[in-house]
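A.B. asks: test case, fold it:
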Amino acid sequence: MTQLGTFYGIGVGPGDPELLTVKAVRVLQEVDVVFAAGHERSGRSAALEIARPHLRPGCPVVTLPFRHTFEDVRSREVHRDHARRVVDELRRPAAAAFLTLGDPMTYSTFTYLLEAVRELEPRVPVEVVPGITSFAAAAAEARVPLVEGDQTLAVVSAARGTAAVERALEAADSLAILKPYRNTAEVCDLLEARGLGGKVVFASHCTRPGALVARGVCQARTHANGYMSLFLVRPGEDRTP
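C.D. replies: Residues are numbered from 1 along each chain as shown. Next up, the predicted model:
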């Protein structure tokens, strides 16, 4: 039976290279090849830029182009194509790492790629190295607790609009609204309509150069369409027991 290398999913955190875990740094020093998701046109990989100071000198790095569209997620064709490249390395056998922003199991390309790798080679050993999420980093920068006591936290994507955000506002004490992208203005409108416009934290490129962490929605409106942006809001504080 063919021996296989281990496939590692490594969360590189929100942006500051010092926020990689000790384990992530150790694994990056040990693997034979590093894969990272890159922009389809530019080839740029934010995850790779964050992790680069911790890579072993001479370690091969492969950037896999992704468009990050819902169509690609549905079809999984791109993920299957890239999985073949990863599996080829694992069959050498080589230990391979895939870098992902934040945490590998939270809104991450890694989960789709892992599924495709397992379809091709179900026996592949897999290890996941957790990373600091963007919303945890934003809360730390703002000195705002995400939840306290018996409060509930909802992590919601606004990539397809605000329907899920509206539901979460009714159900949770605290929200982390991720992936607002082109719907940033719509999220701002919703929060203002709920009387929460001045009570939110907006973060963009948190812990990275040019980072912004601000109270209220005004700054969010001027940074609409930002890829690495999010909102923190605590609607539960205004509810009558």
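A.B. asks: CA only for contacts and neighbour counts going forward, please
C.D. replies: Fine.
A.B. asks: okay, strands next: where are they in this structure?
C.D. replies: Assigned by DSSP state E, the strands in the chain fall at 7-11, 33-39, 61-66, 96-100, 126-129, 153-157, 174-178, 201-204, 212-215, 229-233.
A.B. asks: in this protein, which helix or strand is least confident?
C.D. replies: In the chain, no helix or strand scores lower on mean pLDDT, DSSP states H and E than helix 70-75, which sits at a mean of 59.
A.B. asks: hang on, the earlier thing: export the strands of the chain to TSV and tack on distance to residue 19 and mean neighbour count?
C.D. replies: Shown next, in TSV, are the strands of the chain (distance: least, CA to CA, whole Å; neighbours: other CA atoms under 10 Å):
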stretch	distance to residue 19	mean neighbour count
strand 7-11	10	27
strand 33-39	18	22
strand 61-66	21	18
strand 96-100	13	28
strand 126-129	13	16
strand 153-157	21	18
strand 174-178	20	23
strand 201-204	17	25
strand 212-215	18	18
strand 229-233	18	26
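A.B. asks: so for residue 111, which of those strands sits nearest?
C.D. replies: strand 7-11 (8.7 Å; CA to CA).
A.B. asks: for the biggest helix by length in the chain, give the mean pLDDT please.
C.D. replies: If you go by DSSP state H, the chain has its longest helix at helix 77-90. Confidence for helix 77-90, expressed as mean pLDDT, is 95.
A.B. asks: from the chain's centroid, how far away is that helix?
C.D. replies: Helix 77-90 sits 21 Å away from the centroid of its parent chain (CA atoms, centre = their mean, to the nearest Å).
A.B. asks: poorly predicted segments of this protein, please.
C.D. replies: 1, 40-43, 68-75, 224-226, 237-241 (pLDDT under 70).
A.B. asks: now do 50
C.D. replies: Confidence mapping of the chain against pLDDT under 50 gives the ranges 240-241.
A.B. asks: give me the domain ranges for it.
C.D. replies: Domain assignment for the chain, taken from automatic domain parsing, gives 7-129, 134-238.
A.B. asks: could you measure residue 58 against residue 6, distance?
C.D. replies: 20 Å (CA to CA, to the nearest Å).
A.B. asks: neighbour-wise, which of the two wins?
C.D. replies: Set side by side, residue 58 and residue 6 show more neighbours around residue 6, with 19 against 8, by other CA atoms under 10 Å.
A.B. asks: the more buried one contacts residue 128, correct?
C.D. replies: No. Using CA atoms under 8 Å, residue 6 is not in contact with residue 128, being 10.4 Å away.
A.B. asks: follow-up on the earlier one: and the strands of the chain as JSON lines, adding distance to residue 54?
C.D. replies: Converted to JSON lines, the strands of the chain look like this (distance: least, CA to CA, whole Å):
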{"stretch": "strand 7-11", "distance to residue 54": "12"}
{"stretch": "strand 33-39", "distance to residue 54": "12"}
{"stretch": "strand 61-66", "distance to residue 54": "13"}
{"stretch": "strand 96-100", "distance to residue 54": "12"}
{"stretch": "strand 126-129", "distance to residue 54": "15"}
{"stretch": "strand 153-157", "distance to residue 54": "30"}
{"stretch": "strand 174-178", "distance to residue 54": "27"}
{"stretch": "strand 201-204", "distance to residue 54": "24"}
{"stretch": "strand 212-215", "distance to residue 54": "25"}
{"stretch": "strand 229-233", "distance to residue 54": "25"}
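A.B. asks: quick one: closest of the ones you listed to residue 81.
C.D. replies: Closest among these, using CA to CA: strand 61-66, at 9.7 Å.
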